[in-house]
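I need the structure of the sequence given here:
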Amino acid sequence: MIKLIIFDYDGVLVDSFPNIYDIYKVIGSELDVKIPSTIEEFRNIYGYDFHECYNNLGMDSDKQKKAVEIFRKEIITKKPGIFQGIKDVLSWACSRYKLVLVSSNYKEEVMQKLSSYNIDKYFSDVIGHKYGHQELDKSEEFETVINEYNVRKDEVIAIGDRLSDYDSAKKAGIKNVILVEYGWGYDKNKFENNNKLIISKPEQLIDAIKVIDTSYKK
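Predicted structure coming up:
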């Protein structure tokens, strides 16, 4: 029986990639870094995470540090659109499971956006990066959440949109992982989609959760 669902933020709840692209254009302008001319080109070179993106853009360590500061200042000013249908998913899931959000984003920014969309009420807890602290390790946070809610790892579903989300969940020992198709994108050849679940829009998450929960009960 599934008892806990851990959601990612970017690419699962909100359509943030266009905002990220805009911020990187600011970074490129201020640091004299060439940024791809289209969002799809940028998506293709973004890579595994922002560290890989910085490297793919040819940024040295000094520029990378400056880019982090620019990003931190710019992201708080952005308001990504919430994916249509995600509120219905959260409302449905909240009535059946404990929901926790774990994001690598700054917690202040995430909480601000969740509140503005009136979806913060669905989550028992929100975990994110704190200013001045070491970068958040999602796999460690997953394990902390599992321990705090006193559930087994096979009683948890992790929902993300990138291979880094998948890897973090697997490292934490979470068996049930859903990667959505409508988010930032991922290399499907590297994702073990054991349940063959294709999530091209948020509403399909409900059926996917039911499939996993029902298969566990069997």
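
what secondary structure does Val102 sit in?
Recorded secondary structure, Val102: strand (DSSP: H, G, I helix; E, B strand; the rest coil).

Equivalent analysis for Tyr54, please.
Going by three-state DSSP: Tyr54 is helix.

After the strand or helix carrying Asn147, which helix or strand is next?
Using DSSP states H and E, Asn147 falls within helix 138-148. Proceeding N to C from helix 138-148, the next assigned helix or strand is strand 156-160, under DSSP H and E.

Just the CA atoms from that following strand would do, formatted as CSV, please.
C-alpha atoms of strand 156-160 as CSV (Å, rounded to 0.1, in the frame of the first residue of the first chain):
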residue,chain,number,x,y,z
VAL,A,156,6.6,5.6,-1.4
ILE,A,157,6.2,7.0,-4.9
ALA,A,158,8.7,9.7,-6.1
ILE,A,159,7.5,11.9,-9.0
GLY,A,160,10.0,13.9,-11.0
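
So for the helix or strand following it, mean pLDDT?
Downstream of strand 156-160, the next assigned helix or strand under DSSP H and E is helix 163-171. Averaging pLDDT along helix 163-171 gives 90.

mind listing the strands for this protein?
4-7, 14-15, 81-82, 98-106, 125-129, 156-160, 176-179 (DSSP state E).

Give me the residues contacting the first one.
Contacts of strand 4-7 with the rest of the structure, by C-beta atoms under 8 Å, 6 or more residues apart in numbering, involve 13, 93, 97-102, 123, 142, 145-146, 149, 151, 155-159, 169, 174, 209. Using the backbone N, CA and C atoms, a C-beta is placed for each residue, glycine as well.

Over to stretch 157-168?
Contacts of stretch 157-168 (C-beta under 8 Å, 6+ apart): 2, 4-8, 10-12, 48-49, 137-139, 142, 169, 174, 176-180, 182-187, 190-191, 205, 209, 212.

List the buried residues for it?
157-168 (16 or more other C-beta atoms under 10 Å).

Any regions of this protein where pLDDT drops low?
Low-confidence segments of the chain, defined by pLDDT under 70: 131-136, 186-196, 215-218.

Got the domain ranges for the protein?
4-15+80-217, 17-75 (automatic domain parsing).

Now which of the contacts of strand 4-7 would you call buried?
Counted by 16+ other C-beta under 10 Å, the contacts of strand 4-7 give 13, 93, 97-102, 123, 142, 145-146, 149, 151, 155-159, 169, 174, 209 as buried.

got the CA coordinates for stretch 77-96 in CSV?
Output in CSV follows, covering the C-alpha atoms of stretch 77-96 (Å, rounded to 0.1, in the frame of the first residue of the first chain):
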residue,chain,number,x,y,z
THR,A,77,11.2,37.6,-9.6
LYS,A,78,9.8,34.9,-11.9
LYS,A,79,6.3,33.3,-11.7
PRO,A,80,6.2,30.1,-13.7
GLY,A,81,2.8,28.9,-14.9
ILE,A,82,1.2,26.1,-13.0
PHE,A,83,0.5,23.0,-15.2
GLN,A,84,-3.1,22.7,-16.1
GLY,A,85,-4.7,19.8,-14.1
ILE,A,86,-2.1,19.6,-11.4
LYS,A,87,-4.4,21.1,-8.7
ASP,A,88,-6.9,18.3,-9.3
VAL,A,89,-4.1,15.7,-9.0
LEU,A,90,-2.9,17.2,-5.7
SER,A,91,-6.4,17.5,-4.3
TRP,A,92,-7.1,13.8,-5.2
ALA,A,93,-3.7,12.6,-3.9
CYS,A,94,-3.9,14.6,-0.7
SER,A,95,-7.1,12.9,0.3
ARG,A,96,-5.4,9.5,0.1
